[in-house]
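**Student:** Next input, structure requested:
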Amino acid sequence: MSTAISDRDKAKATLHLTQILVFYEDAVRLLRIRDTYDWHQRVWQAFGGREGAERDFLIRVDRKEEAYRVLILSLSPPAKPDWCPTDCFSSKVIPESFFCHERYRFSLLANPTRKVRVENADGSRKKNGRRMPLTQRDDLVAWLGRKAETGGFHIERNSLRTIPRGREFFHKDAHVHGMHAAVEFQGELTVTDAGQFRGTVVRGIGSAKAFGFGLLVLAPLD
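**Tutor:** Have a look, this model is predicted:
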């Protein structure tokens with residue numbers, strides 16, 4: 001049975017930040033990681049015994065010099081998966097004082113898109129349109145600005161960098177596959193509503209959160 005977590009509960013819950021390092025050879029040969037969906041499946045193993053439960057974590061995967069760095073922001077405390085060496089796994093509770101700052105440096109790996117109208121055979125509009133990736137800087141800046149406005153913070157435009165990270169393909173099985181267009185945003189932000197901002201951090205920003213997008217990485221500036 002699926003267990004839903006209300007936005008109010010999420011806003012109050014303790015947050016856990018976890019880092020897992022996976023060497024390239026281990027990722028390919030042992031874990032058989034091919035794409036973002038495979039990472040999604042592997043990270044679930046840190047939250048075992050929760051079949052049918054609602055996902056309450058965000059992930060981000062970055063390629064470092066000799067390894068992948070997997071960051072996990074979660075409401076539930078994770079357990080070290082069997083495939084992860086002890087010295088490659090670390091987890092800590094994020095203190096509430098971390099959210100008391102006014103300004104932060106941030107990095108966000110996102111999948112910015114716009115919805116395109118799709119019509120039925122009779123010309124009527126389909127309920128769920130098709131999403132197209134945003135690629136122009138002006139569109140990307142506007143997209144993030146809208147997320148900030150509803151997310152309790154303000155982007156300092158002069159500091160903002162938009163870095164294309166290329167296409168991320170995934171395959172769930174032989175019949176279900178897709179692609180996300182990854183963009184990294186870097187810059188500085190100012191919090192305008194502390195409660196709303198914390199909720200945004202917990203929920204993540206944008207779509208495709210199960211595939212490694214939406215986690216707001218923060219470092220206080222004051």
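
**Student:** Show me what residue 73 bridges to in the sheet.
**Tutor:** Beta-bridge partners of residue 73, counted by DSSP bridges, are residue 17, residue 58.

**Student:** What about it, how many residues nearby?
**Tutor:** Using other CB atoms under 10 Å, the number of residues around residue 73 comes to 21. Glycine gets a C-beta too; all of them are placed from N, C-alpha and C.

**Student:** how close does it get to residue 132?
**Tutor:** Here residue 73 is placed at a distance of 28 Å from residue 132 (CB to CB, to the nearest Å).

**Student:** now do residue 219
**Tutor:** Distance, residue 219 to residue 132, using CB to CB: 32 Å.

**Student:** list the contacts for the closest residue in space to residue 221 that isn't next to it in sequence?
**Tutor:** Of all residues not flanking residue 221 in the chain, residue 103 sits nearest, at 4.1 Å (CB to CB, 6 or more residues apart in numbering). Counting by CB atoms under 8 Å, 6 or more residues apart in numbering, residue 103 makes contact with 188-191, 220-222.

**Student:** Would you map the helices across the chain?
**Tutor:** Chain-ordered helices for the chain, with DSSP state H as the definition, fall at 7-12, 24-25, 36-44, 137-151, 194-203.

**Student:** Could you tell me which residues within stretch 136-150 count as buried?
**Tutor:** Neighbour counts over stretch 136-150 (16 or more other CB atoms under 10 Å) mark 140-141, 143-144, 147-148 as buried.

**Student:** whoops, I mixed them up, stretch 204-218
**Tutor:** Buried-residue list, stretch 204-218, by 16+ other CB under 10 Å: 204-206, 208-218.

**Student:** can you list these in CSV and add distance to residue 98?
**Tutor:** Formatted as CSV, those follow (distance: CB to CB, whole Å):
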residue, distance to residue 98
204, 17
205, 18
206, 22
208, 26
209, 21
210, 25
211, 26
212, 22
213, 22
214, 19
215, 15
216, 12
217, 12
218, 8
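
**Student:** where along this structure do the strands fall?
**Tutor:** With DSSP state E as the criterion, the chain has strands at 15-23, 57-63, 67-74, 89-94, 103-110, 113-116, 130-133, 153-155, 161-171, 177-191, 216-220.
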